[in-house]
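K.L.:
Build the 3D model from these lines:
(chains A and B)
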Amino acid sequence: MDRLARIFRAESGQVLASLVYFSRDLQLAEDALQDACEQASHKWPIQGIPENTGAWLHLVAKRKLIDKLRQQQSQQNKHKLQLIEQSLYMLTDTVAETDYEVPDERLRLIFTCCHPALNEAAQVALTLRTLCGLDVREIARAYLTSEVAIGQRITRAKKKIRDAGISYEIPSYEQLDIRLPAVLKVIYLIYNESYSAYEGQSLTRHDLASEAIRLSLLMVKLIPNPEVLGLAALMLFHDARLLSRSSDIEPYIPLEQQNRALWKQAQIEQANAFIQQALEYKQRGPYQIQAAISALHSQAKSWEATDWRQIQLLYMSLFQLHPSPVVALNLAIAKANGGQLKQAYKDIVALSEDLNQYQPYHAARGELESRLNFQEQAICSISKAINLSRNGIERDFLIKKRVLLLK
Amino acid sequence: MQFLALIYAGEDQDDVDIETLMAQYQEFDRQLGAADILLGGNALEAISTATSVRVRNGKPELTDGPFAETKEQLGGYYLLECKDLDEALEWAAKIPSARYGTIEVRPVMVFDQ
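P.N.:
Below you'll find the model as predicted:
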């Protein structure tokens, strides 16, 4: 990406959110920002890049927005125009060079983009488009789908926001518990998509991961809440281990074989600080529990030295909040790693009906069977996992594992 | 903006006491009145009273029964004036039938002059 594109991407979320705040019209705001970026592409290479690029874009885009609102000439727009003009009144062109700060309205916009009235796929695409500044082509590439499909998804979502009367507001305190989980889920979906790409050959598409982390750090800044902190910590813990997850020779290295010296300590410390801060609220939540599990992995000097007993307790606590077979599977794996191999295997067998189509289930089951020396069963489970895997790197890893079992 | 809250619920709710429900609806109507957002609303007679009409080849065809046989049926509606969808959804969640049925919230279409 060239330098200007990087600047536009970095500034666009905040500038766009503020334009939406004035115009209450996502499309109009996007058009105004687009015009401002075009103007910048012409002017900056000649005049030099301004010191405060966000302010420059914000001011120019606001003027573009005024023009667009005037063209529409509706009664409603008079009030909007007054608002923007008042905000411009204090400013001169030179302000863009100094200490003018673009007001941060991104929290409103993220709650709009992640409104439960929109379907999840639309929430994700809209969030990446508006808050992260990814274009349709980039989103399509990240999700291995066509630009047309993503474009339509975003267009429909914008139409629904307008027609269904979805507001650009931060939910009231009473509504926050209902609305916040959808926002956190979208951020985590974006992160997970980067982590284990379906059908993709590349296991991490780090652009999406860094966008998800950027969004969660933004949420931490804007809205103090234990689950917001928990999610940020969880993703930072995972991301800190990124370098150890693959090498030039091995495209995928499981946790037990990772070189822990490669883990980014500064990031782990930041995550630890978030989780400590979250625990002070004394409100248990799924992201905090998962982050606490990751914290234990990050603290352990080795796979063997991991506090599996504590991890088991945390999975039990997670199961109380979310009694799902996937959580039960993780609980069983923690039991097995803690030494209760036979009990864990019983638990895992009991889950076979619920998780029959879930690739990690068969991979974990095969691993346990091989530890118990049930060689034939292990080969059978790993084969099922291979058939269900939609990720090339993951599949190769499993195939190698099967080869070792066959020896 | 105007929103229509469509109340869908099963007609035979064994576990719902009609008198309690009526009292809850009276209280809800009072709240709507106090908030000054109620534009209209009615309960509908049972689905057994429904007649459906369609005109094909210029001729009205009449059938007894509703448009679609479903477990939950349209039993009533409120027309509300709200500032946005969130406000409409908050009120919809307070409709007594929401606790066992489903409230579908739809904005009323506005035609440009």
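K.L.:
my guess is A:S389 meets A:L398, correct?
P.N.:
Yes: contact criterion Cβ atoms under 8 Å: A:S389 and A:L398 qualify, at 6.2 Å. Every residue, glycine included, has its C-beta placed from N, CA and C.
K.L.:
quick one, which of these two is more surrounded?
P.N.:
A:L398 (24 against 21; other Cβ atoms under 10 Å in any protein chain shown).
K.L.:
so who does that one touch?
P.N.:
If a contact means Cβ atoms under 8 Å, 6 or more residues apart in numbering or on different chains, then A:L398 has A:A363, A:I382, A:A385, A:I386, A:S389 as its contacts.
K.L.:
Apart from its neighbours in sequence, what residue is nearest the first one?
P.N.:
With Cβ to Cβ, 6 or more residues apart in numbering or on different chains as the measure, A:A385 is the residue that lies nearest to A:A363, at 4.1 Å, once sequence neighbours are left out.
K.L.:
Next: the last one.
P.N.:
With Cβ to Cβ, 6+ apart as the criterion, A:S389 has its nearest non-adjacent residue at 4.3 Å, and that residue is A:R395.
K.L.:
For that neighbour, grab the count of nearby residues.
P.N.:
Neighbours around A:R395, by other Cβ under 10 Å: 17.
K.L.:
cool, and A:L222?
P.N.:
A:L222 sits with 16 neighbouring residues when counted by other Cβ under 10 Å.
K.L.:
So the nearest residue to it once chain neighbours are set aside: helix, strand or coil?
P.N.:
Nearest non-adjacent residue to A:L222, counting by Cβ to Cβ, 6+ apart: A:L107, 4.5 Å away. Here A:L107 is recorded as helix under DSSP: H, G, I helix; E, B strand; the rest coil.
K.L.:
Next: B:L4.
P.N.:
strand.
K.L.:
Chain neighbours aside, what residue packs nearest to it?
P.N.:
Leaving aside its sequence neighbours, B:L4 sits nearest to B:R106 (Cβ to Cβ, 6+ apart; 5.1 Å).
K.L.:
Flag every residue of chain A that's near chain B.
P.N.:
A:H115, A:A117, A:D163, A:A164, A:G165, A:I166, A:S167, A:E169, A:P171, A:Q175 (Cβ under 8 Å from any Cβ of the partner chain).
K.L.:
which among those residues end up buried?
P.N.:
With burial judged by 16 or more other Cβ atoms under 10 Å in any protein chain shown, the buried subset of those is A:H115, A:A117, A:A164, A:G165, A:I166, A:S167, A:E169, A:P171, A:Q175.
K.L.:
what number of residues lie near residue 77?
P.N.:
You didn't say which chain, so I picked chain A. The number of residues packed near A:N77 is 19, by other Cβ under 10 Å.
K.L.:
should've been chain B
P.N.:
Counted by other Cβ under 10 Å, the residues lying close to B:Y77 total 19.
K.L.:
check contacts around it.
P.N.:
Neighbouring residues of B:Y77 by Cβ under 8 Å, 6+ apart: B:L4, B:A5, B:L6, B:I7, B:G41, B:N42, B:L44.
K.L.:
could you flag which of those are buried?
P.N.:
Judged by 16+ other Cβ under 10 Å, buried ones among these: B:L4, B:A5, B:I7, B:G41.
K.L.:
and the last one, what pLDDT?
P.N.:
Looking at B:G41, its pLDDT reads 95.
K.L.:
Which secondary structure state is assigned to it?
P.N.:
Secondary structure for B:G41, judged by three-state DSSP, is strand.
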